[in-house]
Every structure is written in C-alpha cells, then in structure tokens.
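**Q** Sequence and predicted model, in that order:
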Amino acid sequence: MLSNPSPTTRDNLRSLITSDADELTRQLQAHQQRIFPPSARKSIRQFSSAEAADFIGIHQGYLRQIVAEGHGPEPSPTGRRTYSVQDIESLRQMLDEGGKGPRKYVRHRRDGEKLQVISVMNFKGGSGKTTTSAHLAQFLALRGYRTLAIDLDPQASLSALFGHQPELDVGENETIYGSIRYDESRRDVRELVRATYTPNLHIIPGNLELMEFEHETPKALIARQDNNSMFFARIGECLAEIESAYDVVVIDCPPQLGFLTLSALCAATAVLITVHPQMLDVMSMSQFLQMTGSLLQVVEDAGGTMDYDWLRYLVTRFEPNDGPQAQMAGFMRSIFGNRVLSNAMLKSTAVSDAGLTKQTLYEVDRNQFTRGTYDRALDSVTAVNSEIEELVKQTWGRK
C-alpha cells in the first residue's frame, strides 16, 4: 500500500510543478516570438485561379473571362495570376452587383433563414475537433458566409491558429466568459468579437479564464437569483444579440462534458461530433453519448431547448489503408447510417506540419510539401467542409 506523501514531498512536488510550468511558459513565449515577432501579422496565402473560382462558385473559364475584362489582380511578371482573399471577395461582390433576385455569390442569409450555430464536440481529446473547427470556419468565410468562430476550449488552440495567442493576446474578460459570467463584470458580447486576417471571419478567442464558468456555475445554481438566466441559456442569449451580423457560428467545444459544453449544445442548431476510428476512441464516444443524453434530459426538464437541424459524425485522422480503421468506420456507418458524413478527414503530415507553425491548410504554402501530400490533404478537408456547407444550405431550403 502506498503511504501518504510527507509535507516535504508535497512541497517539493508543488515547487517542481510550478517551476516546470513557469519554464514551459517562458520557452513557449520565446518560441512564439521567434515564429511571430511582435511586428508580425498572420496572413493567408495567395490562391490559384482554380481555387479562387471554387471559392467564388464559378467555372475557371468564366473567371478567366472576367479577369480579361479588366477585373481582378494583375498578372505576375511570368504571366501567372494569383488571388488574395481580398481579390476573391471583391470579385464576389462585383458579380452580384446589379443582379436580379437573391444574391448568388455573396452567400449571406436571406429573409426567413435562421442563424446556423454548429457545435463541434467530442469528449476525448485528439479527435481532430479543433482542426475541424478551424478549417470549417475558414472555409465558410472563404466561400462568402459571414462566419463567427467561438473558442470555448480553455486550451485555446483555435485562437492560436487564428493568430490570437491565449497567453499573450487574450486578457482578462476577453473570452466569451466575459459575456456569460454571473457578476457585475459581465460585458457586451460585441466587445469580445475580433476580426481575423480572413475577410468574413471573426473570432471570440479563448484562454484558461473559461474554466471560471465551470467553477462559478455551481455557486450560481445554489444562490439562484431571478435576474440570472440558467447556465445552459447564456451562450444562446449572447448569440441572439449579434445574430444579424452572421450567417454561421462555429463553436469549438472543450473536450469535456461540463457547463460550457452543455451551454454550447443548447445554443446550437446543429452538432458535429468528431471521432477517430479506433476501438478505444469509439468506446469512449459511446460513454460520452450516454452521459450527454442523460444530462440533456436534465437540461430539457429545466427548460432548455434541444431542437437540432442536423447531427452528424465525422470520421477524423482516417487512414484508408489501415484495415482496422476501415472496419471501424464501416461499423459506425452500419449503426448511424447517413448521420456519418460521407467524407472523412484524412490523417496527413500536411495537416500536422501546418499545425506546427499554427496554420491551416488554406494558409500554409503548398511548396513546403510534396504536391501529392498537400493536394490529398486539402481535397479531404474541402470535401468534408463542402458536405457541411450543403447541410447548411439544405436547412435554409436552398438548392
């Protein structure tokens, strides 16, 4: 039997952990300074004609015709044209100017189309949840939807990917906690929204401060006051205040089933559950779904609403040539049917290597990889995102 540690051992352990945490923070900040010095600003790469045409929603030949008429960027000295995100947005606006009927290329919500709130979640870390959230939010923005990304994970990896370092750039009361907290320091959610380097994409960043909501909610439940709404309604109330400014909201939930996740579920109109197709991960998801069902029943009984337009499972970090993974993906499809997305997010060194420099595949220079590796990864990500875009359009009743 293990004996209880002595006070000296506990003190030494505490000192060691504190020292390690301080040193790790210092080294991470130094690494961040090397990669992105204070004068640096994150940017997004130039896109080829084919990519620009896909984002706008036109054929490449039509894009060439438009450019030949004097619109779009000038060619490089080699005669090759590349397109910035600003070029793509300008062309999209130009194509819709003076058009009749609903705007075709500027894909903003129309009358009667409700805000889409997609909560991306899983109980287990390492399922590709944040990678999925980042690429989905950026893809939708590049396609012309006014998109808001909310980093609800205290680890704040989504914020870092979009250029907001949680330990350097996100101060006290600057996460969504500032707008859902229970005391007099509560802020207007509009004050928390930040622009990114991608047109149409805004973010509410995260950091460890989000854990305060998990700590304060039990106290608020005990000392319930009439002027405080229940925890599960608070994110939805915040989004109602800025609803008219966005078409889609993507929420990156924490990898735990706490008060933040439950509030995100109540605010959502759709749920995307990421899962790595291995037995342990699927078993973990089974427990997660059981717990989620039980807790959502409690929330419903307390007045929460759980009306979703769709729920889908996304197979992530998938290796098609891995027999057990292929079997597990098939097992899931046999159970959930078309609620498993047709496309899977492939495992790729391009995704992981881009993450080392805190970039998405839409940002990283493709010359850093062999063309086949990069193209397979980008095609996989884009196929998944396009399938989700179709679900959004179907919800709105668009063809």
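**A** Sure, I can see it.
**Q** and this structure, what are its domains?
**A** 10-37, 49-96, 116-396 (automatic domain parsing).
**Q** Ranking the ones you listed by mean neighbour count, which comes first?
**A** domain 116-396 (a mean of 19; mean count of other Cβ atoms under 10 Å). (Each C-beta comes from the backbone N, C-alpha and C, glycine too.)
**Q** Which parts of the stretch 101-250 of the chain are helices?
**A** Secondary structure of the stretch 101-250 of the chain (DSSP state H, counting those that start in this stretch): helices at 129-142, 157-161, 177-180, 211-222, 234-241.
**Q** For residue 361, find the nearest of these.
**A** Closest to residue 361 of the helices of the stretch 101-250 of the chain is helix 129-142 (Cβ to Cβ; 6.6 Å).
**Q** Rounded mean pLDDT for that closest one, please.
**A** The pLDDT scores in helix 129-142 average 96.
**Q** wait, residue 165 sits on residue 151?
**A** No. Under the criterion of Cβ atoms under 8 Å, residue 165 is not in contact with residue 151, lying 11.9 Å apart.
**Q** list residues touching both of those two?
**A** Listed as contacting both residue 165 and residue 151 by Cβ atoms under 8 Å, 6 or more residues apart in numbering are residue 159.
**Q** coming back round to it: can you redo the helices of the stretch 101-250 of the chain as CSV with distance to residue 311?
**A** Formatted as CSV, the helices of the stretch 101-250 of the chain follow (distance: least, Cβ to Cβ, whole Å):
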stretch, distance to residue 311
helix 129-142, 15
helix 157-161, 21
helix 177-180, 24
helix 211-222, 24
helix 234-241, 17
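**Q** I'd like to know which of those is closest to residue 384.
**A** Residue 384 sits nearest to helix 129-142 of all these, at 7.5 Å, using Cβ to Cβ.
**Q** so what does the closest one touch, helix or strand wise?
**A** strand 116-121, strand 147-151, helix 157-161, strand 201-204, strand 248-252, strand 270-275, helix 371-396 (3 or more Cβ pairs under 8 Å, 6 or more residues apart in numbering; DSSP states H and E).
**Q** Out of these, which gets nearest to residue 352?
**A** Nearest to residue 352, of all these, is helix 371-396, at 9.6 Å by Cβ to Cβ.
**Q** Residue 357: which of the helices of the stretch 101-250 of the chain is closest?
**A** Proximity to residue 357 (Cβ to Cβ) singles out helix 157-161 among these, at 10.0 Å.
**Q** That closest one packs against which elements?
**A** Applying 3+ Cβ pairs under 8 Å, 6+ apart, one finds that helix 157-161 makes contact with helix 129-142, strand 147-151.
**Q** Between the helices and strands packed on helix 129-142, which one is closest to residue 339.
**A** Evaluated with Cβ to Cβ, the helices and strands packed on helix 129-142 place strand 270-275 nearest to residue 339, the distance being 9.4 Å.
**Q** And the very next helix or strand once past the closest one, what does it pack against?
**A** Later in the chain than strand 270-275, the nearest helix or strand by DSSP states H and E is helix 279-301. On a contact count with 3+ Cβ pairs under 8 Å, 6+ apart, helix 279-301 meets helix 259-267, strand 270-275, helix 323-336.
**Q** and for helix 279-301, what are the contacting residues?
**A** Counting by Cβ under 8 Å, 6+ apart, 122-124, 127, 232, 257, 262, 265-266, 273, 275, 304, 306, 324, 328, 331-332 sit against helix 279-301.
**Q** Could you write out the alpha-carbon coordinates of that helix in CSV?
**A** Extracted as CSV, the C-alpha positions of helix 279-301 are listed here (Å, rounded to 0.1, in the frame of the first residue of the first chain):
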residue,chain,number,x,y,z
MET,A,279,-11.8,0.9,-30.8
LEU,A,280,-10.8,2.8,-27.7
ASP,A,281,-12.0,6.1,-29.2
VAL,A,282,-15.3,4.7,-30.3
MET,A,283,-15.8,3.1,-26.8
SER,A,284,-15.1,6.4,-25.2
MET,A,285,-17.6,8.1,-27.6
SER,A,286,-20.2,5.5,-26.5
GLN,A,287,-19.8,6.6,-22.9
PHE,A,288,-19.8,10.3,-23.9
LEU,A,289,-23.1,9.8,-25.8
GLN,A,290,-24.7,8.1,-22.8
MET,A,291,-23.7,10.9,-20.4
THR,A,292,-24.7,13.6,-22.9
GLY,A,293,-28.1,12.0,-23.3
SER,A,294,-28.7,11.9,-19.6
LEU,A,295,-27.5,15.4,-19.0
LEU,A,296,-29.5,16.9,-21.9
GLN,A,297,-32.6,15.3,-20.4
VAL,A,298,-32.0,17.1,-17.2
VAL,A,299,-31.4,20.4,-19.1
GLU,A,300,-34.7,19.8,-21.1
ASP,A,301,-36.6,19.3,-17.9
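**Q** Next secondary structure element downstream of it?
**A** Taking DSSP H and E, what comes next after helix 279-301 is strand 310-315.
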